[in-house]
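Visitor: with the sequence up front, the predicted model follows.
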Amino acid sequence: MIRMEDLSKVYQMDGVRVEALRDITLGIAAGEYVSIMGPSGSGKSTLMNLVGCLDTPTAGTYALDGVEVSGMDDDQLAAVRNRKIGFVFQTFNLLGRSPALHNVELPMLYAGVGRDERRERALRSLESVGLGHRVHHKPTEMSGGERQRVAIARALVNDPAIILADEPTGNLDSRTGAEIMEIFGRLSDSGKTVILVTHDQNVGQHARRMVRILDGAIVADEPVRREKR
């Protein structure tokens, strides 16, 4: 599903050359559940932006589902994102004055889906995360956990192959965070490729494979070992 070869990203900041990623080679198969772990400033957010086609590399290649995307322009990348990737962010990124149903419909508007189908698919997606009773409530009327469920429903509505979650429990209490991680586990079990980007070891441990990044380079890539009970 994902194949990166010798990927690098360099920024010029106030005339200073900043090497955010260095020679990243990474493969993720369809259906894998992977966490990308690293402290602040490690390069994990830059790597997430490249994986999610939100940015392009300075050097190297990136093939997504067999298609080379590293040289695409912004419009081409936007089309790939809308078809292939569902995003879940720490800050939810919802429209505060719009009901849950409208928030979930948004990706389908960009995809040109008709009104009736948009509504049907959005309702189904909200029901899949346990919010069938909250479709007309606005994010400002919801708890943090409910907002994140709306964000997950929005990420799922176009049936993407990849779910990319950036610190998905960062604004939630531990109990609500555990409930959100259960949803990602179910998505993985259903065959979705799930990628978590986090600095939190407890969140990263939910995945089945952990990729550690430090100073812009991958320093470890190994299966997650869970303690036997």
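Guide: Received, thanks. Numbers count the residues shown, from 1 in each chain.
Visitor: identify the bridge partners of the residue most central in space within the chain.
Guide: Central residue of the chain (C-alpha atoms, centre = their mean): residue 164, 1.5 Å from the mean position. Following DSSP bridges, residue 164 is listed with bridge partners residue 87, residue 195.
Visitor: got a list of what it touches?
Guide: Contacts for residue 164 (C-beta atoms under 8 Å, 6 or more residues apart in numbering) come out as 48, 51-52, 85-88, 195, 197. In this view, the C-beta of every residue, glycine as well, is placed from N, C-alpha and C.
Visitor: swap the cut-off to 10 Å and go again
Guide: If you count contacts by C-beta atoms under 10 Å, 6 or more residues apart in numbering, residue 164 has them with 36, 48-49, 51-54, 81, 84-89, 155, 193-197.
Visitor: ends of stretch 90-108, what's the gap?
Guide: From its first residue to its last, stretch 90-108 covers 22 Å (C-alpha to C-alpha, to the nearest Å).
Visitor: so for it, mean pLDDT?
Guide: Regarding stretch 90-108, the rounded mean pLDDT is 92.
Visitor: surely residue 3 meets residue 27?
Guide: Yes. Look at residue 3 against residue 27 with C-beta atoms under 10 Å: they come within range, at 5.1 Å.
Visitor: okay, and the common contacts of these two?
Guide: Common neighbours of residue 3 and residue 27, counting by C-beta under 10 Å, 6+ apart, are residue 63.
Visitor: who touches the lengthiest helix in the chain?
Guide: Ranked by number of residues, the top helix in the chain under DSSP state H is helix 174-189. By C-beta under 10 Å, 6+ apart, the surrounding residues in contact with helix 174-189 are 31-34, 86, 88, 128-130, 143-146, 148-149, 151-153, 155-156, 163, 165, 168-172, 192-196, 200, 202-203, 205-208.
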